[in-house]
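Q: I'll drop the sequence and a predicted model, then ask my questions.
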Number of protein chains: 2
Amino acid sequence: MSGTNHSIKIEHSLQPRMILVRPQMGENIGAAARAMWNFGLEHMVLVAPRDGWPNPAAQAMASGAARVLDQVIVRENLEDSVADLDHVFATTARERGLTKEVVSPKEAMRRAKVMIARGEKPGFLFGPERAGLENEDVVKAQTLISVPVNPAYGSLNLAQCVLLLSYEWMLQGENLARAEDVQMKWADAVPATQKEREVLQEKLEARLEAVGFFWPEDKAQSMRLSLRNMFARMPLSNVDIRSFHGIFRALSRDRELDRED
Amino acid sequence: MSGTNHSIKIEHSLQPRMILVRPQMGENIGAAARAMWNFGLEHMVLVAPRDGWPNPAAQAMASGAARVLDQVIVRENLEDSVADLDHVFATTARERGLTKEVVSPKEAMRRAKVMIARGEKPGFLFGPERAGLENEDVVKAQTLISVPVNPAYGSLNLAQCVLLLSYEWMLQGENLARAEDVQMKWADAVPATQKEREVLQEKLEARLEAVGFFWPEDKAQSMRLSLRNMFARMPLSNVDIRSFHGIFRALSRDRELDRED
């Protein structure tokens, strides 16, 4: 994973990555940049922005927060944007019908702070205007974030959602010592990267495909999504990833697939 | 003090009064209304809005939050807007050189909650775009609110400032149940029982045993322990348990074990 700006990597490692997934309006990208920079965040990633990049409307709206856009990293797809992350949070307004942990913006940023203090990389997904994140995006996240809104009127826009999360990040900064409150003891392991998770998932799906697991055809897609969601929410270390590879390989009847391991 | 709408007074007495002082752009009034209603606030007062009232631009921007504008109370001057209040908070970005208590948005809304519970009336002043509140306005407040922002770039706009305060109001309501900070959405599932976990584990170990996974002999015990530890820390639902059974069965080469399923 190489960013467009190499000189800023050190700074970025001290901040959560804010990932705008398929944003539509340049104005909203600019407004999100301002929202972030108001609270000292400047690590923005754009996944497949509708109107390409650079975007003059975004630049115009970002006035004063141009440095966020100057450093922006643009990716073709979400996989590439999260591959090196240790933990992915997804902001979502709708009920998903997915079994997944849901936390408040505050709790999410509290955890992000702890992760960064441990040298890990958390990232936050924000969906496109109107539609929000697709389920295919959401299953890539370990944790969902739900902003508590008026049940009769939840209509936070993209930049407002980024603003609230960035604000909670700032509040955590005022609270540095708290980072010690929660720790995951990883022993000799380190958290699995999203890339390692992706490879495990693909490998497992290939094995299951080979034995006709995804059947009937009309259920195949939702079966895949359920599986992805289940693994995405597991707290996996790199050692766990190896263990699962080992388990699946040992059980598997298909010797062909093993050769690719 | 008479409002333009008498029927809503009871509701308003349960909310802080959000007072926009000399707002300029109708769009920003509309955006502030949306920000408020996202978090259940609908008691807005406008002091001497530049473009008069009603304002079509405000109405257009407020879509979905029209009820806030329908109830809005317009005053000629700030004195009339705060005369019946028990406590006035003023949001301010600049240092004022005034000796006055300064609190965070959270602390301000915590106090507002307490006041309202006691039957008192708190109000919040928001200054006009660009210039913000004049010192003549600020001195009418008992307490200042300072939003913690990036020292290098504090440029929250009017609606964003209203949004953050309204959000903190909502969180005060949520404080009744801090458990809301973290939730596991189990969708149609329920958490797996220890018994279900145990059966899954035993079944998996039997399958792995059958294919010689636990090898070499002197490592077998610690391999089993690692596996158990890994599954033990996973947040598994009853549906997940079935999914894992399904995966292991599908992959497994040993037809004997399947018959026992």
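A: Looks like it arrived, so ask away.
Q: Near chain B, which residues of the stretch 1-150 of chain A are found?
A: Counting by Cβ under 8 Å from any Cβ of the partner chain, the stretch 1-150 of chain A comes close to chain B at A:34-35, A:37-40, A:64-65, A:95-104, A:106-107, A:144, A:146-150. Quick note: C-beta positions are derived from backbone N, CA and C, even for glycine.
Q: of these, buried ones?
A: Neighbour-count burial (16 or more other Cβ atoms under 10 Å in any protein chain shown) applied to these gives A:34-35, A:37-40, A:65, A:96, A:98-104, A:106-107, A:144, A:146-150.
Q: Which ones among those residues map onto helices?
A: If you go by DSSP state H, these have A:34-35, A:37-38, A:106-107 in helices.
Q: Return the closest of those residues with respect to A:Leu133.
A: Within these, the smallest distance to A:Leu133 is 18.2 Å, found for A:Ala35 (Cβ to Cβ).
Q: ok, and the closest non-adjacent residue to that closest one?
A: A:Leu163 (3.8 Å; Cβ to Cβ, 6 or more residues apart in numbering or on different chains).
Q: same thing with A:Leu78?
A: A:Val47 (5.2 Å).
Q: before we move on, the earlier item: are we agreed that the residue nearest to A:Ala35 is in a helix?
A: Yes. Under DSSP: H, G, I helix; E, B strand; the rest coil, A:Leu163 sits within a helix.
Q: quick one: it from B:Leu69, how far?
A: 22 Å (Cβ to Cβ, to the nearest Å).
Q: For these two, indicate the residue with more neighbours.
A: A:Leu163 (26 against 23; other Cβ atoms under 10 Å in any protein chain shown).
Q: so is A:Leu46 in a helix, a strand, or just coil?
A: Secondary structure of A:Leu46, per three-state DSSP, is strand.
Q: shouldn't it be in contact with A:Val74?
A: Yes. Using Cβ atoms under 8 Å, A:Leu46 is in contact with A:Val74, at 4.9 Å.
Q: coming back round to it: next step: the residues of the stretch 1-150 of chain A next to chain B restricted to strands.
A: A:100-103, A:144 (DSSP state E).
Q: is it possible to export those to JSON lines including distance to B:His245?
A: Listed next are those as JSON lines, based on distance: Cβ to Cβ, whole Å:
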{"residue": "A:Lys100", "distance to B:His245": "21"}
{"residue": "A:Glu101", "distance to B:His245": "23"}
{"residue": "A:Val102", "distance to B:His245": "26"}
{"residue": "A:Val103", "distance to B:His245": "29"}
{"residue": "A:Leu144", "distance to B:His245": "26"}
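Q: of the residues you listed, the lowest pLDDT goes to which?
A: The lowest pLDDT within these belongs to A:Lys100, with 78.
Q: For that residue, name its beta-bridge partners.
A: B:Lys185 (DSSP bridges).
Q: on that earlier part again, what do A:Leu46 and A:Val74 both touch?
A: Shared contacts of A:Leu46 and A:Val74 (Cβ atoms under 8 Å, 6 or more residues apart in numbering or on different chains): A:Trp53.
Q: Between these two, tell me which one has more neighbours.
A: A:Leu46 (24 against 16).
Q: where's that one relative to A:Leu251, distance?
A: Relative to A:Leu251, and taking Cβ to Cβ, A:Leu46 is found at 41 Å.
Q: who touches A:Arg233 in this structure?
A: A:99-101, A:142-143, B:235.
Q: let's go with 10 Å and repeat that
A: Taking Cβ atoms under 10 Å, 6 or more residues apart in numbering or on different chains, we find A:Arg233 in contact with A:98-101, A:139, A:141-144, B:184, B:234-237, B:240.
Q: Also A:Trp53?
A: A:4, A:26, A:29, A:46, A:69, A:72-74.
Q: Among the residues you listed, which pair sits farthest apart?
A: Within those, A:Thr4 and A:Gly26 form the most distant pair, 17.8 Å apart (Cβ to Cβ).
Q: So for the two, which residue has more residues nearby?
A: More crowded of A:Thr4 and A:Gly26, by other Cβ under 10 Å: A:Gly26, with 23 against 11.
Q: Can you show me the strands along the stretch 1-150 of chain A?
A: Per DSSP state E, counting those that start in this stretch, the stretch 1-150 of chain A carries strands over the ranges A:17-21, A:44-47, A:73-75, A:87-91, A:100-103, A:122-126, A:143-145.
Q: Could you tell me the least trusted of the ones you listed?
A: Taking the mean pLDDT of these, strand A:100-103 comes last: a mean of 84.
Q: Summarise which helices and strands it is packed against.
A: Contacts defined by 3 or more Cβ pairs under 10 Å, 6 or more residues apart in numbering or on different chains; DSSP states H and E place strand A:100-103 against strand A:87-91, helix A:105-117, strand A:143-145, helix A:217-232, strand B:182-185.
Q: Check the gap between A:Ala117 and A:Lys140 for me.
A: 24 Å.
Q: Between the two, tell me which one has more neighbours.
A: A:Lys140 (24 against 14).
Q: Wait, the more buried one touches A:Lys195, no?
A: No. Proximity of A:Lys140 to A:Lys195 does not meet the contact threshold set by Cβ atoms under 10 Å, at 11.5 Å.
Q: Now the common contact residues for these two.
A: With Cβ under 10 Å, 6+ apart, A:Lys140 and A:Lys195 have common neighbours A:79, A:82, A:85.
Q: would you turn those residues into CSV with pLDDT and neighbour count?
A: Output for the shared contacts of A:Lys140 and A:Lys195, formatted as CSV (pLDDT from 0 to 100; neighbours: other Cβ atoms under 10 Å in any protein chain shown):
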residue, pLDDT, neighbour count
A:Glu79, 92, 13
A:Val82, 93, 28
A:Leu85, 91, 26
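Q: List just the nearest of those to B:Ala210.
A: A:Glu79 (35.5 Å).
Q: Isn't that closest one up against A:Val139?
A: No. The criterion here is Cβ under 10 Å, and A:Glu79 misses it with A:Val139 at 11.9 Å.
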